[in-house]
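# task: produce atomic coordinates for the following.
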Amino acid sequence: MIPEFDLKGFLPPGIWDCTILEVESKLLGSIFRINMYPRLDKLIKDLKRIKVTTIYIGGSFATLTVQPKDFDVLWEENSGTRYQFEFEELPDIFYPKKSLEIYGIHILPARATEYYSKLSMLDYFQQVKYSTEKRGILKIGI
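Predicted coordinates:
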């Protein structure tokens, strides 16, 4: 369930389980956001094709920002091949420029490590940029 946003428009710190229907009902509150949504829908369809069953949404889309810049999506590797299967079947999600071109979404493996902070992407996504403050992200079964 998606919790209430705080006064700054962020989710409370933590990873919040929700459904895609909850995302649609709670986060598509503006025409701008509605127009962004088909990109996420296309990504989800492609990720399902490579057997991904869990994604995380963070960044400005998981806030009350009326016009978020983009989506930030993490995905869980589910094949047990250490990304080999996923790379062979859907290589574009491993190249940031290509994935932005195709989906307009920043896409990263959830268990990857952020280069500078050395945090897992799951932890890194929960940090407010340029701050020590934490915010929540959404975990969605697809």
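# and the longest helix along the chain, which residues are buried?
In the chain, taking DSSP state H as the definition, the longest helix is helix 31-49. For helix 31-49, a neighbour-count test (16 or more other Cβ atoms under 10 Å) marks 33, 36, 39-40, 43-44, 46-47 as buried. All C-beta atoms are positioned from the backbone trio N, CA, C, and that covers glycine.
# got it, and stretch 121-134?
For stretch 121-134, burial by neighbour count (16+ other Cβ under 10 Å) applies to 121-122, 124-127.
# show me the beta-bridge partners of the residue nearest to the spatial centre of the chain.
Taking Cα atoms, centre = their mean, the centroid of the chain lies closest to Val73, which sits 2.1 Å from it. Beta-bridge pairing for Val73 (DSSP bridges): Ile57, Ile107.
# can you redo the buried residues of helix 31-49 as CSV with pLDDT?
Below are the buried residues of helix 31-49 laid out as CSV (pLDDT from 0 to 100):
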residue, pLDDT
Arg33, 96
Met36, 94
Arg39, 95
Leu40, 96
Leu43, 97
Ile44, 97
Asp46, 97
Leu47, 97
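# now the strands for this protein?
Secondary structure of the chain (DSSP state E): strands located at 14-18, 54-58, 71-75, 105-109, 136-141.
# could you identify which of those is most buried?
Neighbour counts (mean count of other Cβ atoms under 10 Å) averaged over each of the strands of the chain peak at strand 71-75, with a mean of 24.
# and it, what does it pack onto?
Counting contacts by 3 or more Cβ pairs under 8 Å, 6 or more residues apart in numbering; DSSP states H and E, strand 71-75 is packed against helix 31-49, strand 54-58, strand 105-109.
# show the average pLDDT along it.
In this model, strand 71-75 has a mean pLDDT of 95.
# ok, now stretch 51-62?
96.
# straight-line length of it, end to end?
With Cα to Cα, to the nearest Å as the measure, stretch 51-62 spans 24 Å from end to end.
# what residues does that stretch touch?
Stretch 51-62 has contacts (Cβ atoms under 8 Å, 6 or more residues apart in numbering) with 11, 15, 23, 27, 33, 36, 40, 44, 47, 68-79, 85-86, 106, 110, 122, 125-126, 135-142.
# all good on my end, thank you.
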